[in-house]
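# This is a predicted model, with the sequence first.
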Amino acid sequence: MVVTLSELQALEPLAQVPVEDLARLIEHGYGREYEPGAVVFEPGSYAFAGLLVVKGRLSVHVVSPSEVREVGRIGVGEVAGEAAFFDAGAVHTVKVVADHPTKVLVITQQLLRNARGSHALAAMQSHTVRVMAQRIRRTNANLRALWEEHSDTPEDFQDALRESIR
């Protein structure tokens with residue numbers, strides 16, 4: 001499956017990147033498609049690459065022995081599995097499933113090495129850091145809300161926190 005230049009140019013983080021730099025991403029990466037309901041990552045699976053969503057949407061789920069709970073969505077132009085960019089030995093902690101027919105650019109360590117110094121890689125890295133910061137802020141806000149709601153005793157907060165991630 002090939003990701004095209006026009007598909008990459010349409011993505012917000014890559015819209016201003018020179019075509020020759022986008023071509024390097026395509027040259028060193030590859031595309032992959034997922035049908036609705038397809039599992040992209042499972043908790044405990046090895047994180048060998050990140051995924052740039054080109055079309056469609058992924059949903060993120062926390063899995064416990066008693067339930068599976070959706071905790072987020074990853075849309076067009078966003079990255080899934082970004083821990084693989086920073087830690088080649090990372091293990092997925094969540095389940096990621098395609099919500100719609102979804103197409104991604106698979107971003108491997110090899111692609112990162114071969115695209116080093118390009119405007120495309122710099123734009124993707126900058127965008128990934130922004131997305132990670134947003135996710136951290138959202139998590140912190142959720143933790144604060146839980147704390148404020150259950151601040152009577154530390155045990156109440158700990159119980160609520162455990163319940164929220166089950």
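The structure has been received and is ready for your questions. Residues are numbered from 1 along each chain as shown.
# Just the helices from this structure, written as ranges.
With DSSP state H as the criterion, the chain has helices at 5-9, 19-28, 83-86, 109-114, 119-149, 154-165.
# Quick check: buried residues in stretch 15-23?
Neighbour counts over stretch 15-23 (16 or more other CB atoms under 10 Å) mark 17, 21-22 as buried. (Each C-beta comes from the backbone N, C-alpha and C, glycine too.)
# Now render the helices of the chain as CSV, adding mean pLDDT.
As requested, these are arranged in CSV below (pLDDT from 0 to 100):
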stretch, mean pLDDT
helix 5-9, 92
helix 19-28, 88
helix 83-86, 77
helix 109-114, 84
helix 119-149, 81
helix 154-165, 65
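# And those helices: which comes nearest Ser45?
Judged by CB to CB, the one of the helices of the chain that comes nearest to Ser45 is helix 83-86, at 11.0 Å.
# Going by contacts, tell me the helices and strands next to that closest one.
strand 49-55 (3 or more CB pairs under 8 Å, 6 or more residues apart in numbering; DSSP states H and E).
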